[in-house]
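[1] model this:
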Amino acid sequence: MSVQMITVDGIELCTESFGDRNNPALLLIMGATASMIWWDDIFCQRLADTGRFVIRYDNRDVGQSVNYEPGNPQYSLEDMADDAVRVLDAYGIPRAHIAGMSLGGLLTLFLTIKHPERVLSNTLIMTSSFSDPALPEMEEKVGAFFATAETVDWENEQEVIDFSIRKWKILIGSKHPFDEAKTHQLIAADVKRTKNLAASMFNHGLLAGGESLISRVKEINVPAMVIHGTEDPIIPYAHGVALADEIPGAGLLPLEGVGHELHENDWDTIIEAITCHTSD
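    As a prediction, this is how the structure comes out:
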């Protein structure tokens with residue numbers, strides 16, 4: 001794997017690649033408040049071993065990418081979607097397969113609508129277009145938990161780690177036992193490499209933009225696959241079903257008993273699905 005800091009249009013983004021540059025490119029976009037390392041190293045390498053050139057990157061305000069004053073992000077969701085094009089440009093990649101998790105899935109939709117010439121396929125994981133107000137909202141326990149974020153000292157690394165552990169205990173489903181030791185290790189690594197913990201936690205939740213694109217999801221004409229946990233408490237499973245119905249020809253892969261997570265025990269299923277979906 002190879003880390004590369006890129007600067008395009010004055011935006012500094014931290015990226016990392018796995019595999020052979022001559023293989024078809026697969027760009028991974030992570031969700032809100034989470035840096036690229038939540039696409040696990042081994043997960044990325046296994047994808048690369050299937051014959052893909054895999055790229056992951058830190059979104060703005062997380063990890064090592066550009067960050068802004070907490071509470072004052074100077075960019076929109078559309079800007080974040082355009083960052084994916086900046087990454088592809090920096091690597092000299094004209095078109096790529098795109099996989100997005102949670103907010104990263106919404107950014108994938110925006111990217112595909114705005115820049116269809118750059119996208120070969122979509123893999124949309126635990127996400128939604130949020131276009132139907134009748135779809136269920138996040139479970140009450142999730143909203144109640146995030147309301148406690150203001151009580152955390154975001155300059156105290158241990159408090160941030162403890163908060164994040166509690167978060168993941170809420171977001172998982174019933175299928176897999178919670179691996180606290182591994183989760184703690186990943187959170188601690190994320191905290192160490194994040195420039196501004198308060199910006200990382202709060203700024204993505206303040207973002208707007210892309211409203212004009214939501215109504216155009218039905219225009220997407222690249223192969224699309226939706227992967228969604230049936231016990232997702234933050235973006236309920238009904239959103240995944242609706243998204244698969246909304247995009248012409250999209251497939252749906254339910255993960256029974258899985259929450260808002262990329263659990264190691266599901267990697268075989270997810271990697272096989274992505275490999276098949278991104279094959280010519």
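[2] burial count for residue 92?
    Neighbourhood size, residue 92 [other Cβ atoms under 10 Å]: 8. The way it works is simple: take the backbone N, C-alpha and C, and place the C-beta from them, glycine included.
[3] and it, what is it in contact with?
    Not one residue lies near residue 92 by Cβ atoms under 8 Å, 6 or more residues apart in numbering.
[4] Next: residue 252.
    Shown in contact with residue 252 (Cβ under 8 Å, 6+ apart): 225-226, 228, 240-241, 244.
[5] Just say helix, strand or coil for it.
    strand (DSSP: H, G, I helix; E, B strand; the rest coil).
[6] For it, list each beta-bridge partner.
    Listed by DSSP bridges, the beta-bridge partners for residue 252 are residue 226.
[7] next one: residue 7
    With DSSP bridges as the criterion, residue 7 is bridged to residue 12.
[8] Shouldn't residue 56 be within a strand?
    Yes - remark: residue 56 belongs to a strand, assigned using three-state DSSP.
[9] hmm, which two among the contacts of residue 252 are most spread apart?
    225 and 241 (13.3 Å; Cβ to Cβ).
[10] who's more crowded, those two?
    When residue 225 and residue 241 are compared for neighbours, residue 225 comes out ahead with 21 against 16, by other Cβ under 10 Å.
[11] Now do the contacts for the more buried one.
    With contact taken as Cβ under 8 Å, 6+ apart, residue 225 is in contact with 121-124, 250-253, 273-274, 277.
[12] Now, of these, which are buried?
    121-124, 250, 252-253, 273-274, 277 (16 or more other Cβ atoms under 10 Å).
[13] Tell me the one of these nearest residue 11?
    Using Cβ to Cβ, the buried ones among the contacts of residue 225 come closest to residue 11 at residue 122, 23.2 Å.
[14] which SS state does the closest one fall under?
    strand.
[15] What is the neighbour count of the closest residue to it other than its chain neighbours?
    What sits nearest to residue 122 in space, not counting adjacent residues and going by Cβ to Cβ, 6 or more residues apart in numbering, is residue 224, at 4.2 Å. Residue 224: 26 surrounding residues under other Cβ under 10 Å.
[16] now the helices for the stretch 151-280 of the chain?
    Secondary structure of the stretch 151-280 of the chain (DSSP state H, counting those that start in this stretch): helices located at 157-171, 180-193, 197-202, 211-214, 237-246, 267-277.
[17] Touching, the residue nearest to residue 122 and residue 120? I think so.
    No - assessed by Cβ atoms under 8 Å, residue 224 is found out of contact with residue 120, at 11.0 Å.
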